[in-house]
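Colleague: need a structure here:
(one chain, ligands or ions: 2)
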Amino acid sequence: MQHFTSVQDVADPMVLVKKALAIKKDPFANKALGLNKTLGLLFFNSSLRTRMSSQKAASNLGMDVIVMNVTQDSWQIEMEDGVVMNGGTAEHIREAAAVMGQYCDILGVRSFPSLSDRDADYSEKIMNAFKAHAGCPIVSLESATLHPLQSLADLITIAEFKKVEKPKVVLTWAPHIKSLPQAVPNSFAQWLTQTDYDFTIAQPEGFELSEQFTKGAKIEHNQEAALKGADFVYVKNWSSFHDYGKVGTNGDWLVNQAKLANTNEAKVMHCLPVRRNVVIADDVLDSEHSIVIPQAGNRVYSAQAVFQEILEAHG
Ligand code: AN0
Ligand code: CP
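Modeller: Numbers count the residues shown, from 1 in each chain. Ligands and ions are numbered 1, 2, ... in the order given. Below is the predicted model:
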């Protein structure tokens, strides 16, 4: 594995899921693999799970970790090429990425979209600049359009909890008060369509995701119809792709116990952080339907499987 920024960097997603499950059984078996290797974690945005699970995964592999909150602790970085830097930015991504590549064997980068300029966001300018200039493997910690470490953890969780060979998995939009990225649902769709699971995406009209990521999924606009017989209900808000960045507050789409009545005793998933009683009701999050905590726990084994693949490939 060279970089890890989308499912396309993975030879076989289900083989990687199996590898992560094996790591989970014996997490310290490869403690020597990361000896004298350094993982850099760069955050342009907030994080709880990604930050802690990546550090834990690196520690399990014997790696050292450097964490940088880029927007608070570093110089402000210029992303545009060919500009006269007489404004607020103090150094260019070309130098900043290259320098960090001197200190790190793997660089993880979290950088959310602007949600105002769709073409710029979907061109993945920042992740691509790191790939071009860092000179070391780049791992996405959630980019403008994708969150592959989350999706791998999601597939690990489904593999652990599924009761049938080919479960029905429904990704349902839910309301929110803020404009959120499409990265988590784009990525979940991209990984799920690589499996042989029965996969449906439900959202209100106008909140369809980019077909680039959803090709092969069933698309529904009726949440109740979509949820019928579901084994897994993956809940997530996202802002509109078509009316780019538009917030969706439609409270009818909140996921509560009543919505789960016609499912196959569905397990409910969410990447977290989740706003209680806006996105998912207490009666679901505090019930045995919810598997959001073990799902978040699996972020360690998702990251560890990816770091291990990269270390094995790069020696
Ligand atoms: C982010 C998102 O929706 O992409 C991060 C999720 C892992 N969520 C929020 O900003 C609340
Ligand atoms: N799910 C997830 O990536 O959480 P954080 O934003 O807290 O890292």
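
Colleague: which bits of the stretch 1-150 of the chain sit near ligand 2?
Modeller: Ser47, Leu48, Arg49, Thr50, Glu142, Gln150 (CB under 6 Å from any ligand atom). In short, each C-beta sits where N, CA and C put it, glycine included.

Colleague: show me what contacts Leu285?
Modeller: Val268, Val274, Arg276, Val292 (CB atoms under 8 Å, 6 or more residues apart in numbering).

Colleague: Sorry, slip of the keys, the one I care about is Ala217.
Modeller: Counted by CB under 8 Å, 6+ apart, Ala217 has contacts Leu171, Ala189, Leu192, Thr193, Phe199, Thr200, Ile201.

Colleague: For Ala98, give me its contacts.
Modeller: Contacts of Ala98 (CB under 8 Å, 6+ apart): His133, Ala134, Gly135.

Colleague: Can you lay out these as CSV showing secondary structure, pLDDT and neighbour count?
Modeller: Formatted as CSV, these follow (DSSP: H, G, I helix; E, B strand; the rest coil; pLDDT from 0 to 100; neighbours: other CB atoms under 10 Å):
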residue, secondary structure, pLDDT, neighbour count
His133, helix, 98, 18
Ala134, coil, 98, 24
Gly135, coil, 98, 14
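
Colleague: ok, so of the residues you listed, who is nearest ligand 2?
Modeller: Ala134 (21.0 Å; CB to the nearest ligand atom).

Colleague: Residue ranges in the stretch 201-315 of the chain under the pLDDT threshold?
Modeller: Filtered on pLDDT under 70, the stretch 201-315 of the chain yields the residue ranges 315.

Colleague: So which bits of it are right by ligand 2?
Modeller: So the stretch 201-315 of the chain meets ligand 2 at Cys271, Leu272, Pro273 (CB under 6 Å from any ligand atom).

Colleague: From the residues you listed, list the buried ones, please.
Modeller: Cys271 (16 or more other CB atoms under 10 Å).

Colleague: Within reach of ligand 1, which of the residues of the stretch 201-315 of the chain next to ligand 2 are there?
Modeller: Among those, ligand 1 is touched by Cys271, Pro273 when using CB under 6 Å from any ligand atom.

Colleague: Identify those among the residues of the stretch 201-315 of the chain next to ligand 2 that sit within helices.
Modeller: Per DSSP state H, helices hold no members of those.

Colleague: Scan this protein for its longest helix.
Modeller: From DSSP H, the single longest helix across the chain is helix 299-314.

Colleague: where along the chain do the strands fall?
Modeller: 38-43, 64-69, 77-78, 91-92, 106-110, 138-140, 168-173, 198-202, 218-220, 232-236, 267-269 (DSSP state E).

Colleague: JSON lines please, covering those and showing mean neighbour count and distance to ligand 1.
Modeller: Compiled in JSON lines, the strands of the chain are given as follows (neighbours: other CB atoms under 10 Å; distance: least, CB to the nearest ligand atom, whole Å):
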{"stretch": "strand 38-43", "mean neighbour count": "22", "distance to ligand 1": "12"}
{"stretch": "strand 64-69", "mean neighbour count": "16", "distance to ligand 1": "16"}
{"stretch": "strand 77-78", "mean neighbour count": "19", "distance to ligand 1": "21"}
{"stretch": "strand 91-92", "mean neighbour count": "16", "distance to ligand 1": "27"}
{"stretch": "strand 106-110", "mean neighbour count": "26", "distance to ligand 1": "9"}
{"stretch": "strand 138-140", "mean neighbour count": "27", "distance to ligand 1": "12"}
{"stretch": "strand 168-173", "mean neighbour count": "24", "distance to ligand 1": "12"}
{"stretch": "strand 198-202", "mean neighbour count": "22", "distance to ligand 1": "16"}
{"stretch": "strand 218-220", "mean neighbour count": "14", "distance to ligand 1": "20"}
{"stretch": "strand 232-236", "mean neighbour count": "25", "distance to ligand 1": "7"}
{"stretch": "strand 267-269", "mean neighbour count": "26", "distance to ligand 1": "12"}
